[in-house]
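> Have a look at this fold, sequence not included:
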RNA sequence: GGGCGAUUAGCUCAGCUGGUAGAGCGCCUCGCUUACACCGAGGAUGCCGGCGGUUCGAGUCCGUCAUCGCCCA
């Protein structure tokens, strides 16, 4: 022991200074003897220690791919979901990163070849938005004014300047990713890989161009994919418009009904009433649909109506899309501005007339499609150029004036909105590029179905299947400037040439003049190849060979579709191999009331602020402890404070060890210790390692955190440290000191993945070490360290101490008073146990002396324990009434338990059908309960005597 | 409308394969016993949402209803 106490360090000094270490190393001086005048502080100072620990890790290159890998190690690779360049660390990242970091550190300590790959996403629309806003604030030219090239240059400039702060912030959390391998989705190599995928998919027919309705974002003036659309419920109106029948047609329309719903009154009409939530789109109407079985309108199918305002003659068609129950049962059809209407139009052969521009303003001038069959009018001219909502009002006003507004009803309905712009999406007819997602989905489904990739929790596997089974073509072109420009060139006739470079495209075109498609790719198209792209694909790099497929993907449920499913599809299409073997999907971090954290609600907890206040370890431990699989976590600051206290507890246990000269002994053999308490805590440590590994292997992070907490606080601090105090004064002092040092070292090692900073700091604080803690060997011991005899003995002793304390407290024995303990009956095993551990009981239960007696002294309190009966002679000291109550409470509880057990054991079916060991267990419990009842009854009787006598 | 999930101590939640209901915080009573007051000792608190079923045995499995939440349309 006491190895470091004199002379030079037992290990060659580390090449890395520990600025947080006060002894040795710090100022370049050789290690000095212990300096009792400089004890550890009472609390861990996270603010100063964390940067120092980070610096030590970095100086050592501790997180480089393969660091600390043993020869022939298995690879463990994990990808950081690349945050947006514009991003900053929020609680969701903190949670996500903490879980990944735990896995990475755990595997690294186990000697696996760990690669944790970090990087950033260019995040097309989000970044373009941020930079545009910046430009406006600084009074610069707008995007359009400066032009594409200059704008993109600005974005790059901005990215260099302020992008990637999130990775800096991640270091505060302790993220152990390999920053030397940092990648960006717009890096040159990555860009080439993205284009290659496009070209490859194009050639294989997996990417195609199509003219169809897309979700158009009028704010950003770009197409977006289905996933980027949010359905928002809104209060709106249903307007009824009258479209006049052509050719002087009239019909009888039912207007009065009897109780059974039969028509009893009719009126003669020369018009059809259509109901709509979007009157402004009527300019593009090319039909009216009624349900084929709707008796009210059946006879009108095939006739035409005249579109008000426009004068276009449009047919009445029979289509099941028209719901007789909704509105008037007749619905206007605008194929160019509504997804359902588009379908109807396709089925019924109706024209699609686009009446808006890219900003969702009415666009009639020069609109040949529109004017075909329409009558020019002043009213129409007045609508041209109006915003869609202004146009709505104008049209309604005209309808009222002209008498074709039939009526208005209030209605709530669901309106699609852009998830970034928050404006209503306009279904818009354009040419876009699509990925044939259905084809790509098949292998992605198969890979999860046959277990090549496992998705946890299972529930999310279902979500994944459901989405892929019903997948729609993926629109990947965006009318933005920031992103990977689509590698397609067109000749004068509009024929496309897809190639990696313009030169190649020109060669394909036979030298014709070409212009490049101005659009860029959906951000998710490039992040979709994150696994391959970061490892150097399409080159056959050693990293690709070593780390692909990656081991685990840890990510939130909100990007299962956006990212996880698409990575599966794309990687499989490119290599035939899955991108990851396991996917762990975690839930959302919410505020303490369960609300989603959002800027507008102002309920954001900023992880950096919390780290400043409580330290990164506390934040990490909290997130880990709350990470029950698949459940959202409600984060409260109190909880974080609680786990900060936990760190302090560990710190003080180490401080206690230091004050008592417990130095790690490299030759310590945990199996060789002899004292019961030492054998017991060694066994507990063995159990912890097994529990912890099992929990981490199963992604049961909360189980891991709770096991650590229960061990460190509940076992080591509450009991072992207290037990060690008397032992330090006795014959086993040396063994106990060594065991204490070992136990604490094991705590540091096992806690390190979750609380890396405080453990690394303590590791350096306690002794000179050959290695950083983050590279310490993960132990392989387990339950073989458990000595059942020592375990049973210690638990019996602990139970006895607890009983005595409980009695003392309940009977208001002054906390400082020492009392005698009288042994009445004691089985041989228990007698030996007590004999061996007398000093522990004496100190922890505040016993004055041990006595033996045949019968309980008058006025004594009786304690019944398995294998022994004790008394505390407290006559005169105790509160008799309180004791009566205590006994009554105890007897009541035991009585209930015994009754339950008796009932069970009297049940013939139970005896016949339950497994033998269960039956035996119940019998043993009944016996124990009955024995205790006897003892307590006797005690109650004596107490009654005492009360009568007194 | 379709799918998924939740309902357990005052609060926030664990409870994996059915076999004595747990944790943290909060609360109450004591306590500066030299590791720790970011602490220690002790204590109180549960028709495990309702109903029905399977089982020797159900918080745990099945059905159903209610309430809440999320995703998709």
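Arrived safely. On a predicted model such as this, the values are computed, not experimentally measured, just so you know.
> now the strands: where do they sit in the stretch 751-900 of chain A?
With strands called from DSSP state E, counting those that start in this stretch, the stretch 751-900 of chain A shows them at A:819-826, A:847-852, A:860-865, A:868-873.
> In TSV: those strands, plus mean pLDDT.
As requested, the strands of the stretch 751-900 of chain A are exported to TSV (pLDDT from 0 to 100):
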stretch	mean pLDDT
strand A:819-826	90
strand A:847-852	90
strand A:860-865	84
strand A:868-873	88
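> So for residue A:530, which of those strands sits nearest?
With C-beta to C-beta, the closest approach to residue A:530 among these belongs to strand A:860-865: 61.0 Å. For the C-beta atoms, the positions are set from N, CA and C on the backbone; glycine is no exception.
> Check which helices and strands the closest one is in contact with.
Applying 3 or more C-beta pairs under 8 Å, 6 or more residues apart in numbering; DSSP states H and E, one finds that strand A:860-865 contacts helix A:788-810, strand A:868-873, helix A:916-949.
> just for chain A, where's the confidence low?
Applying pLDDT under 70 to chain A flags the ranges A:1-39, A:590-604, A:629-631, A:876-878, A:949-950.
> coming back round to it: tell me which of the helices and strands packed on strand A:860-865 approaches RNA strand B most closely.
When these are ranked by proximity to RNA strand B, the top entry is helix A:788-810, at 3.3 Å, counting by C-beta to the nearest atom of the strand.
> Surely residue A:583 is within a strand?
Yes - counting by DSSP: H, G, I helix; E, B strand; the rest coil, residue A:583 is found in a strand.
> Look up how far RNA strand B lies from residue A:249.
Per C-beta to the nearest atom of the strand, to the nearest Å, residue A:249 is found 35 Å from RNA strand B.
> wait, that residue sits on residue A:302?
No - Residue A:249 lies out of contact with residue A:302 (C-beta atoms under 8 Å); the separation is 11.0 Å.
> In terms of neighbours, single out the busier of those two.
Legend: neighbour count by other C-beta atoms under 10 Å for residue A:249 and residue A:302, higher for residue A:249 (16 against 9).
> OK, contacts around that one?
By C-beta atoms under 8 Å, 6 or more residues apart in numbering, residue A:249 lies in contact with A:270, A:300, A:303.
> Determine the three-state secondary structure at the closest residue to the second one other than its chain neighbours.
So the one you mean is residue A:300. Nearest in space to residue A:300, with sequence neighbours left out and distances taken as C-beta to C-beta, 6 or more residues apart in numbering, is residue A:316 at 5.1 Å. Classification of residue A:316 using three-state DSSP returns strand.
> State the distance from residue A:316 to residue A:294.
Distance, residue A:316 to residue A:294, by C-beta to C-beta, to the nearest Å: 11 Å.
> of these two, who's got more company?
residue A:316 (22 against 17).
> Could you list everything that one pairs with in the sheet?
Residue A:316 has these beta-bridge partners by DSSP bridges: residue A:288.
> Report the contact partners of it.
Contact analysis of residue A:316 by C-beta under 8 Å, 6+ apart lists A:272, A:287-290, A:297, A:300-305, A:330.
> how many neighbours does the residue of the stretch 351-500 of chain A found nearest RNA strand B have?
The nearest approach of the stretch 351-500 of chain A to RNA strand B comes at residue A:459, 4.5 Å away (C-beta to the nearest atom of the strand). When neighbours are defined as other C-beta under 10 Å, residue A:459 has 13 of them.
> With residue A:561 instead?
Residue A:561: 18 neighbours (other C-beta under 10 Å).
> is it true that it lies in a helix?
Yes - with three-state DSSP as the criterion, residue A:561 is located in a helix.
> What's the separation between residue A:890 and residue A:196?
Taking C-beta to C-beta as the measure, residue A:890 falls 76 Å from residue A:196.
> Likewise for residue A:575?
Separation of residue A:575 from residue A:196 (C-beta to C-beta) stands at 13 Å.
> Please apply the same query to residue A:898.
For residue A:898, the distance to residue A:196 equals 76 Å [C-beta to C-beta].
> ok, now which ones touch the residue at minimal distance from the centre of chain A?
Compute the mean C-alpha point of chain A, and by C-alpha atoms, centre = their mean the closest residue is residue A:586, 3.5 Å away. Contacts here follow C-beta under 8 Å, 6+ apart; on that basis residue A:586 touches A:95, A:96, A:99, A:554, A:555, A:556, A:557, A:627, A:629, A:630.
> One more pass at 10 Å, please.
Neighbour list for residue A:586: A:92, A:95-96, A:99, A:456-457, A:460, A:554-557, A:623, A:627-633, A:699, A:701 [criterion: C-beta atoms under 10 Å, 6 or more residues apart in numbering].
> Return the members of those residues classed as buried.
Buried members of those, counted by 16 or more other C-beta atoms under 10 Å: A:92, A:95-96, A:99, A:456-457, A:460, A:554-557, A:623, A:627, A:629, A:633, A:699, A:701.
> Could you list which of these belong to helices?
The helices, defined by DSSP state H, take in A:92, A:95, A:96, A:99, A:460, A:623, A:701 from the buried ones among the contacts of residue A:586.
> Show me which pair in these is furthest apart.
By the measure C-beta to C-beta, A:460 and A:623 form the most distant pair in those, at 19.1 Å.
> Test my guess that residue A:818 contacts residue A:845.
Yes - counting by C-beta atoms under 10 Å, residue A:845 is a contact partner of residue A:818 at 9.4 Å.
> Please identify which of the two sits among more neighbours.
residue A:845 (20 against 12).
> mind checking how far that one is from residue A:885?
Residue A:845 sits 22 Å away from residue A:885, taking C-beta to C-beta as the criterion.
> What residues of stretch A:213-226 count as buried?
A:213, A:214, A:215, A:216, A:217, A:218, A:219, A:220, A:222, A:223, A:224, A:225.
> swap that for stretch A:444-462, please
Neighbour counts using 16+ other C-beta under 10 Å place A:444, A:445, A:447, A:448, A:452, A:453, A:454, A:455, A:456, A:457, A:460, A:461 of stretch A:444-462 among the buried residues.
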